[in-house]
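Novice: here is my input, please return the structure:
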Amino acid sequence: MCKEKMKCWILSLALICGLLVITNSCTKEEPAVPKFEIGQNYGGGIIFYIDSTARHGLICASYDQSAAIKWSNGTNLVTNAIKTGMGDGKANTLAIVATQGTGDYAAQICNDLDINGYNDWYLPSKSECFNMYFNLKIMRSLGNFTDAIYWSSTEASINNAYSQYSNDGYPPTGGYYKNTVNYVRAIRAF
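Specialist: All right, here's what the predicted structure looks like:
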């Protein structure tokens, strides 16, 4: 009889311990997923795009890097910076800098930029440039954009590159001469 009680007690104790383990694992809190919003100050600038995972996106600097700078470094060369989509500006910028070399031009100043320890800035692609402008200036009146032409990193031809006119609300459709001076706003991914 004593052995039976001891056996029941041990089984009851095991059952209680098992239930406690299950209960604790069910109520364990998951790590918090940061909540990002377009227009939020984050990562050295202002969030203007959030991807479908809601964990990554794009940030633009909160001020212009230049009000009058050329796209090219003095000579128009084919850089093969032809990508147009979201996430393509970094590759375009690297292609431009590799082809153009050091100097004072749009992609180089973005590539060299350091804001509060963030040094992975680049010149936005055609689509990134439009989304930055539309999501911040048009939809939220944020970003301190000037009614001017902003360079994108997307090359249109040997002599032209796409740019965003920040006063008309339309995506870039044509190119400006690379030796024209326009505004620059750097972006980075997070």
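
Novice: state the distance from I69 to L123.
Specialist: 10 Å (Cβ to Cβ, to the nearest Å). The way it works is simple: take the backbone N, C-alpha and C, and place the C-beta from them, glycine included.

Novice: so the two - more neighbours on which side?
Specialist: L123 (33 against 19; other Cβ atoms under 10 Å).

Novice: just give the nearest non-adjacent residue to the residue nearest in space to the middle of the chain, would you?
Specialist: Most central in the chain under Cα atoms, centre = their mean is L58, positioned 1.7 Å from the mean C-alpha point. Spatial nearest neighbour of L58, excluding adjacent residues (Cβ to Cβ, 6 or more residues apart in numbering): Y49 at 4.2 Å.

Novice: that neighbour contacts Y42, correct?
Specialist: No. With contact defined as Cβ atoms under 8 Å, Y49 does not count as touching Y42 (12.0 Å).

Novice: which residue of these two possesses the greater neighbour count?
Specialist: Y49 (23 against 14).

Novice: tell me who's in contact with the residue nearest to L58.
Specialist: For Y49, the contact set (Cβ atoms under 8 Å, 6 or more residues apart in numbering) comprises 38, 57-58, 86, 128, 131-132, 135.

Novice: take those residues and keep only those in strands.
Specialist: The members of the contacts of Y49 that map onto strands under DSSP state E are 57-58.

Novice: tell me, what's touching I69 and L123 both at once?
Specialist: The contact sets of I69 and L123 overlap at 106, 151, 184 (Cβ under 8 Å, 6+ apart).

Novice: can you give the distance of stretch 65-78 from its chain's centre?
Specialist: 22 Å (Cα atoms, centre = their mean, to the nearest Å).

Novice: identify the residues contacting that stretch?
Specialist: Contacts of stretch 65-78 (Cβ under 8 Å, 6+ apart): 99-101, 103-110, 113, 146, 148, 151, 155, 158-159, 161, 176, 178-186.

Novice: ok, now with 7 Å
Specialist: Contacts to stretch 65-78, defined as Cβ atoms under 7 Å, 6 or more residues apart in numbering, come from residues 99-101, 103-106, 109-110, 113, 151, 158-159, 161, 178-181, 183-186.
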